[in-house]
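> missing the sequence, but the structure's below:
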């Protein structure tokens with residue numbers, strides 16, 4: 001809602017009609033940042049749900065909240081100079097990688113149980129719970 005309201009605000013303050021604003025770099029930045037965030041959310045939701053269902057819910061939820069804050073930082077950084085959005089983008093990639101690795105660990109654990117009868121669920125949950133606070137390091 002915050003992103004959409006920013007696009008609406010910039011749209012009203014630019015000359016022209018519709019979303020085709022010629023020469024408005026402020027509107028272009030806001031609109032592009034909104035599109036970038038909108039395109040990344042399906043991937044985020046997929047890995048978030050997989051990590052939460054297949055591995056551990058608490059670290060996945062923590063990483064999900066961190067990702068939402070990082071996307072906010074990316075969006076606000078994109079409104080300034082484009083180089084200000086780079087830390088938010090890189091931090092977001094790291095969180096997505098963490099969620100993806102959690103999903104892979106959950107899938108591997110399922111197959112270990114299925115084929116060998118070995119359950120490493122407690123080890124995986126302990127590891128993800130220990131590693132998730134490291135996401136706070138920039």
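Yep, that arrived. Since this is a predicted model, take the numbers as computed values, not measurements.
> Going by C-alpha atoms from here, please, whenever you check contacts or count neighbours.
Noted.
> The residue nearest to the spatial centre of the chain: which element?
Most central in the chain under Cα atoms, centre = their mean is residue 67, positioned 4.1 Å from the mean C-alpha point. Assigned by DSSP states H and E, residue 67 belongs to helix 57-79.
> How far off centre is the following helix or strand past that helix?
Counting by DSSP H and E, the next helix or strand C-terminal to helix 57-79 is helix 86-116. Distance, stretch centre to chain centre, for helix 86-116: 13 Å (Cα atoms, centre = their mean, to the nearest Å).
> Now do helix 86-116 against helix 57-79, angle only.
150 degrees (axes from the mean of the first three to the mean of the last three Cα atoms, to 10 degrees).
> residues near residue 51, how many?
27 (other Cα atoms under 10 Å).
> Against residue 122, how distant is it?
Separation of residue 51 from residue 122 (Cα to Cα, to the nearest Å): 15 Å.
> picking up where we left off before, just the buried residues of the helix holding residue 67, please?
57, 59-61, 63-64, 66-67, 70-79 (16 or more other Cα atoms under 10 Å).
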